[in-house]
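[1] Make a model of this:
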Amino acid sequence: MNIERSEELERRAAKHAALSEPARLRIVDLLTLGDLSPTEIQVALGIRSNLVTHHLNALEAVGMVARSRSEADKRRSYVHLTTTALAGLTPGAVERADRVVFVCTANSARSQLAAALWEQQSTIPAASGGTHPAEQIDAGAIAAAKRHHLALADVQPRVLGDVLTDTDFVVTVCDNAHEELGVTGNLHWSIPDPVRIGTAAAFDTTYAELHRRISDLAPRLAAS
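    Next up is the predicted model:
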């Protein structure tokens, strides 16, 4: 056995060892679909905050999770899986939905791109809305869609209340919207606002991250 292969086996073994603790396995299952704050993890698992910290440190030590600061409340952080977290592992959760609704604050970039990307990868209908919609889709989002040959709907941003129904599967793609809505959504993806930066690179990064997350979720979300 060569050194490179041995090191890879050791990394995989370390992940399995970390996941041998049921609470850590549950944390990873939850994070395969969306980002969570440590407090949200604490509520989901019903355990003390010091145990959440202990489990997150163990998962971080084997390279499975990372943390990022909220763009809204700087005192808050979100935990997400790293891009290599599930290498050699199989996630477990499967959900069902009649329609997927992507939500951000202005409904001018992230949620619009997400809905368009979703329609490329799933037969489940998609829509988008904003907690405080802008007057029009941001020019940067339109340009990014063109660069990636994505058919972006030619619609005005809409207020979430005019879009949402009781049976929708809601994915917030904006920290501000998620924290404003609280526990209303099914999933949260902590994705930085490209409009705030305004560069083509920022929009392309957003597109790539949405594409990655939607590619992970679409095969695991079945029609109701």
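
[2] Across the sheet, point out what pairs with Ala127.
    With DSSP bridges as the criterion, Ala127 is bridged to Val101.

[3] Check the gap between it and Arg147 for me.
    As judged by C-beta to C-beta, to the nearest Å, Ala127 and Arg147 stand 24 Å apart. The C-beta positions use only the backbone N, C-alpha and C, and glycine is treated the same way.

[4] Please confirm that His80 is located within a helix.
    No. Per DSSP: H, G, I helix; E, B strand; the rest coil, His80 lies outside any helix segment and is strand.

[5] Roughly how far does it sit from Leu152?
    Distance from His80 to Leu152, by C-beta to C-beta: 26 Å.

[6] Look up the closest residue to Leu51, ignoring the ones flanking it.
    Once flanking residues are discounted, Leu51 sits nearest to Ala23: 7.1 Å by C-beta to C-beta, 6 or more residues apart in numbering.

[7] Could you pull up the residues touching the one you found?
    Ala23 makes contact with Leu45, Ile47, Leu51, His55, according to C-beta atoms under 8 Å, 6 or more residues apart in numbering.

[8] tell me the pLDDT at the first one?
    Read that as Leu45. Per-residue confidence (pLDDT) for Leu45: 96.

[9] how many neighbours does it have?
    Using other C-beta atoms under 10 Å, Leu45 has 17 neighbouring residues.

[10] Assess the claim that it and Ile27 are in contact.
    Yes. Applying C-beta atoms under 8 Å, one finds Leu45 in contact with Ile27, separated by 7.1 Å.

[11] Not counting its neighbours along the chain, what's nearest Thr39?
    Ser49 (7.6 Å).

[12] do the same with Asp162
    Here the residue nearest Asp162, using C-beta to C-beta, 6+ apart, is Gly129, at 7.1 Å.

[13] before we move on, what SS does that neighbour have?
    Gly129 - assigned by three-state DSSP - is strand.

[14] So what's the residue count around it?
    Gly129: 24 neighbours (other C-beta under 10 Å).

[15] all strands of this protein, in order?
    Taking DSSP state E as the criterion, the chain carries its strands at 65-69, 77-81, 95-97, 100-104, 126-130, 169-172, 187-188, 221-223.

[16] for the ones you listed, which one ends up most surrounded?
    Among the strands of the chain, strand 100-104 has the highest mean neighbour count (mean count of other C-beta atoms under 10 Å), at a mean of 29.

[17] relative to strand 126-130, how tilted is that one?
    20 degrees (axes from the mean of the first three to the mean of the last three C-alpha atoms, to 10 degrees).

[18] what distance separates strand 100-104 from the centre of its chain?
    11 Å (C-alpha atoms, centre = their mean, to the nearest Å).

[19] What lies in contact with it?
    110-112, 114-115, 118, 122, 124-131, 160, 163-164, 168-174, 176-177, 181, 185, 193, 221.

[20] What's the mean pLDDT across it?
    The average of the pLDDT scores along strand 100-104 is 97.

[21] counting contacts, what elements does the longest helix seen in the chain pack onto?
    For the chain, the helix with the greatest residue count under DSSP state H is helix 200-217. Secondary-structure packing of helix 200-217 (3 or more C-beta pairs under 8 Å, 6 or more residues apart in numbering; DSSP states H and E): helix 110-121, helix 139-147, helix 194-197.

[22] Distance to Lys15 added to these, as a markdown table?
    Shown next, in a markdown table, are these (distance: least, C-beta to C-beta, whole Å):
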| stretch | distance to Lys15 |
| --- | --- |
| helix 110-121 | 27 |
| helix 139-147 | 34 |
| helix 194-197 | 32 |
